[in-house]
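What follows is a predicted structure for the sequence shown.
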Amino acid sequence: MAKGMQGFGYAFCLLLSVLLNILLVANILYGGDGEWRLRELKWSQDAAAAAETVAALQCSGHGRAYIDGKIGDDGITPVCECHNCYSGPDCSLLLPDCFADADSGDPLFLEPFWVQNAASSAVVVSGWHRMSYSFPGSSNPGSAYFSQELENHIRKVHAVAGNAITDGKYIVFGVGSTQLCNAAVYALSLENSSSLSPAKVVAKIPFYPLYKSQTEYFETKYYEFQGDPSLLKNDTDAAGNVIEFVTSPNNPDGHLRAPVVGGPFARAIYDRAYYWPHFTAIPAAADEDLSIFTISKLTGHAGSRFGWAIVKDKSVYENMFMYIKAAELGISKETQLRALTLLKTVLQGDGRGIFNFSYEKMKSRWEKLSQIISQSHRFTLQEISPKYCNFFEKIRGPSPAYAWVKCLWEEETNCTTVLEAAKIIGRAGSMFSAEDRYVRLSLLKRDDDFEQLLVRLRELVAIEDGAKTM
Ligand SMILES: Cc1ncc(COP(=O)(O)O)c(C=O)c1O
């Protein structure tokens, strides 16, 4: 009897659960407003259809069509934009003598991750989306211009990656980290503005060229670019007002760096563009006075132009914010919405998906490249030693964003021209204030670009012995 009752109880529960599921699915399909009609898209239907139409164009896997791209002669069909080295209406033709372009740091290696996550990363924007200059009910100056929801998600992504401590710190948004670099120089230079001489802005060679070009372009009476810290005069400058860019990991060589200038008035701007598990071991969470991050190298969306700075000191935060306000009156609300949507996708599940994807991809690229260069007596790559990574909880090998190639033969003082003769475009060492015996090759671009780079490098290394005897 008791057994019979128990069986009846199980059957009842099963039936209840099936009924509940049916109700749930019906609610999703037919709407939750009490009316049993098909939930239909109203105004977003055409926009969604247009987005799906361009996305459906395959372009032979060697190109893409975009909603804001060219339209064919029929006035309707979107035109494929072919990847470098591919041509034809459907991008199926591989151009025979094509150069491998490894110049720019365009992080398109992440494109497949977003194709895999197409549904959650799509953004629908109404014609009346946040038309105002500011967010409503803003309690502090920053929150009028910066989305609080986006700020919360940035803090969460750092907590998952374990690459920065954000508790108790301020966050400033900028038009890419590019804008924040100068905002930081400006704000830090005001910290010691009573000093009679302008703050000296320094960066250890090899350094990312923007620090020099931008600081010189926007120079004020408060700061000037000096160059390598070794150029500081011991007696005056070193004890004085110095602002050091510390790029860690460094662009171009991928090394983790610490400041080289000390002293009571030296201040550091940590450029943490590449401090993600994609590109480096994360030995500890960054806990600095001023660190700058960018969505460009986290999600690959360089075109969205969005970066953020994590700032400890309130007065530095306020001066950076004033800079952004004077330059732009805040950051585009569309950009902030897109960044928020992307970060929500990044945080899906356990939030580790993008890091696993990008680390595997960059590690495999580095291994393939190293394997080719290991056959060479003409070129070497930078050495990056394995390190313990808090994110992966293990010792892990290198997966840098760039190869910093050195030409070893004495007579080959210009490595860029050596590679160019072999149909490889890199960025000259002198761009990073280093010798032209070095050249930077980007490993961040699409698979097509990377494959082409491997093809050209294999050819170059294969003819090496002949080249020496010529
Ligand atoms: C070290 C470093 N900092 C900053 C930037 C600029 O990034 P963003 O796209 O955020 O302006 C780059 C871009 O390549 C970079 O390499």
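Alright, I've got the coordinates. Note that the coordinates shown come from a computational prediction; the quantities given were computed from them, not determined experimentally.

Wait, a strand at Ala281?
No: counting by DSSP: H, G, I helix; E, B strand; the rest coil, Ala281 falls outside a strand, being coil.

all strands in the stretch 201-350 of the chain, in order from the N-terminus.
In the stretch 201-350 of the chain, the strands defined using DSSP state E, counting those that start in this stretch lie at 223-227, 242-247, 266-271, 290-294, 307-311.

all helices of the stretch 201-350 of the chain, in order?
Using DSSP state H, counting those that start in this stretch, the helices of the stretch 201-350 of the chain run over 210-217, 295-298, 314-328, 333-346.

circling back: which one of the strands of the stretch 201-350 of the chain lies closest to Thr417?
strand 223-227 (25.0 Å; Cβ to Cβ). Heads up, the C-betas are built off the backbone N, CA and C, glycines and all.

sorry, back to before: tell me which of the strands of the stretch 201-350 of the chain sits nearest to Asp449.
The nearest among these, by Cβ to Cβ, is strand 290-294 at 20.7 Å.

Glu244 pairs with what?
According to DSSP bridges, the partner residues bridging Glu244 are Val202, Ala268.

per the record, what domains does the protein have?
25-96, 141-346, 353-469 (automatic domain parsing).

ok, and does the longest one reach over to the ligand?
Yes: part of domain 141-346 sits near the ligand under the criterion Cβ under 6 Å from any ligand atom, namely Gly176, Ser177, Thr178, Tyr208, Thr247, Asn251, Asp271, Ala273, Thr294, Ser296, Ala302, Gly307.

Pass me the low-pLDDT residue ranges in the stretch 101-250 of the chain, would you?
139, 193-194, 234-240 (pLDDT under 70).

just to revisit the earlier point, so which of the helices of the stretch 201-350 of the chain is the most packed in?
Comparing these by mean neighbour count (mean count of other Cβ atoms under 10 Å), helix 295-298 ranks first with a mean of 26.

That one - contacts with which helices or strands?
helix 333-346 (3 or more Cβ pairs under 8 Å, 6 or more residues apart in numbering; DSSP states H and E).

Tell me the first helix or strand C-terminal of the helix it packs on.
Helices and strands here follow DSSP states H and E; after helix 333-346, the next one along the chain is helix 353-373.

Quick one: mean pLDDT for the helix or strand following that next one?
Where DSSP H and E defines the elements, the next helix or strand beyond helix 353-373 is strand 379-380. Averaged over strand 379-380, pLDDT sits at 98.

for Val54, helix, strand, or coil?
helix.

ok, now how distant is it from Gln226?
Computed as Cβ to Cβ, to the nearest Å, the Val54 to Gln226 distance reads 48 Å.

and the two? which has more neighbours close in?
Ranked by neighbour count (other Cβ atoms under 10 Å), Val54 and Gln226 place Gln226 first, with 22 against 17.

What strand or helix carries the closest residue to that one other than its chain neighbours?
Counting by Cβ to Cβ, 6 or more residues apart in numbering, Lys200 is the residue found nearest to Gln226 once chain neighbours are left out, at 4.1 Å. For Lys200, the host element (DSSP H and E) is strand 199-203.

Which neighbouring elements make contact with that strand?
For strand 199-203, the packing partners by 3+ Cβ pairs under 8 Å, 6+ apart are helix 176-191, helix 210-217, strand 223-227, strand 242-247.

Can I get it in PDB? Just the C-alpha atoms.
Extracted C-alpha coordinates of strand 199-203, given in PDB (Å, rounded to 0.1, in the frame of the first residue of the first chain):
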ATOM      1  CA  ALA A 199      56.900  67.000 -15.700                       C
ATOM      2  CA  LYS A 200      59.100  64.800 -17.800                       C
ATOM      3  CA  VAL A 201      57.300  61.900 -19.400                       C
ATOM      4  CA  VAL A 202      59.400  58.800 -19.900                       C
ATOM      5  CA  ALA A 203      59.100  55.300 -21.200                       C
END
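
ok so, going back, which among the residues of domain 141-346 next to the ligand gets closest to Trp114?
Checking the residues of domain 141-346 next to the ligand one by one against Trp114 (Cβ to Cβ), the nearest turns out to be Ala302, at 12.8 Å.

From the structure, what's the count of residues near the closest one?
With other Cβ under 10 Å as criterion, Ala302 counts 19.

Which of the helices and strands packed on strand 199-203 has the highest mean neighbour count?
Scoring the helices and strands packed on strand 199-203 by mean count of other Cβ under 10 Å, the most buried comes out as strand 242-247, with a mean of 25.

Report the angle between that strand and strand 199-203.
For strand 242-247 against strand 199-203, the angle by axes from the mean of the first three to the mean of the last three Cα atoms, to 10 degrees is 20 degrees.
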